[in-house]
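Engineer: Dropping a prediction and its sequence here:
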Amino acid sequence: MEITEVVVRPIEDEKLRAYVSLTIENALVIKDIKIVEGKNGLFVSMPSRRRKNGKYQDIAHPINSEFRKTIEDHIFNEYRKMVGDNFAVARDIPTASEAAYEEA
């Protein structure tokens, strides 16, 4: 499978760094992927929803680790292009709530 487009929307938030949309083979788009700052650095969080029991369940996710790595590599490469080496540089980056509103 070919990843044909990655759109990264950096935001200012305590742990959430960006929302990402990923297009596969110009045929399928996955939105609301997140880049999150965790204890061990950045990680990719696939879109999920909260269930009635309070737990979260992925809506879409890669089936194998090879494709997960491919997705993460594409996302992090595009993220680095967007924010450079220093995310703290002053930018016109929307807050988390503004970014979610713009996506709708």
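Structural biologist: Thanks, I have the structure now. From a predicted model like this one, the values you see are computed outputs, not experimental measurements. Residues are numbered from 1 along each chain as shown.
Engineer: Give the burial count for Ser45, as a bare number.
Structural biologist: One way to gauge burial is a neighbour count; for Ser45, by other Cβ atoms under 10 Å, it gives 16. Placement of C-beta: from N, CA and C, glycine included.
Engineer: where's Ile3 relative to Glu12, distance?
Structural biologist: Here the criterion is Cβ to Cβ, to the nearest Å. By it, Ile3 lies 26 Å from Glu12.
Engineer: Could you do Gln57 as well?
Structural biologist: 28 Å.
Engineer: Neighbour count for the two, which is higher?
Structural biologist: Neighbours around Gln57 and Glu12, counted as other Cβ under 10 Å, are more numerous at Glu12. The numbers are 15 against 10.
Engineer: Look up phi and psi at the more buried one.
Structural biologist: Here the main-chain torsion angles of Glu12 (degrees, to the nearest 10) amount to phi -100, psi 120.
Engineer: List the beta-bridge partners for it.
Structural biologist: Thr95 (DSSP bridges).
Engineer: Tell me the secondary structure of Asp73, please.
Structural biologist: Secondary structure state of Asp73, per DSSP: H, G, I helix; E, B strand; the rest coil, is helix.
Engineer: What pLDDT does the model give it?
Structural biologist: With respect to pLDDT, Asp73 scores 93.
Engineer: How many residues are close by it?
Structural biologist: Counted with other Cβ under 10 Å, the neighbours of Asp73 add up to 12.
Engineer: Tell me how far it lies from Lys15.
Structural biologist: Distance from Asp73 to Lys15, by Cβ to Cβ: 22 Å.
Engineer: Same check on Ile33?
Structural biologist: According to Cβ to Cβ, Ile33 stands 15 Å off from Lys15.
Engineer: more crowded one of these two?
Structural biologist: Ile33 (22 against 10).
Engineer: quick one: pLDDT of the more buried one?
Structural biologist: In the prediction, the pLDDT value recorded for Ile33 is 97.
Engineer: what about it, which helix or strand?
Structural biologist: Element membership of Ile33 [criterion: DSSP states H and E] is strand 28-38.
Engineer: what ranges do the strands span in the chain?
Structural biologist: Secondary structure of the chain (DSSP state E): strands located at 3-10, 16-24, 28-38, 41-45, 48-50, 56-58.
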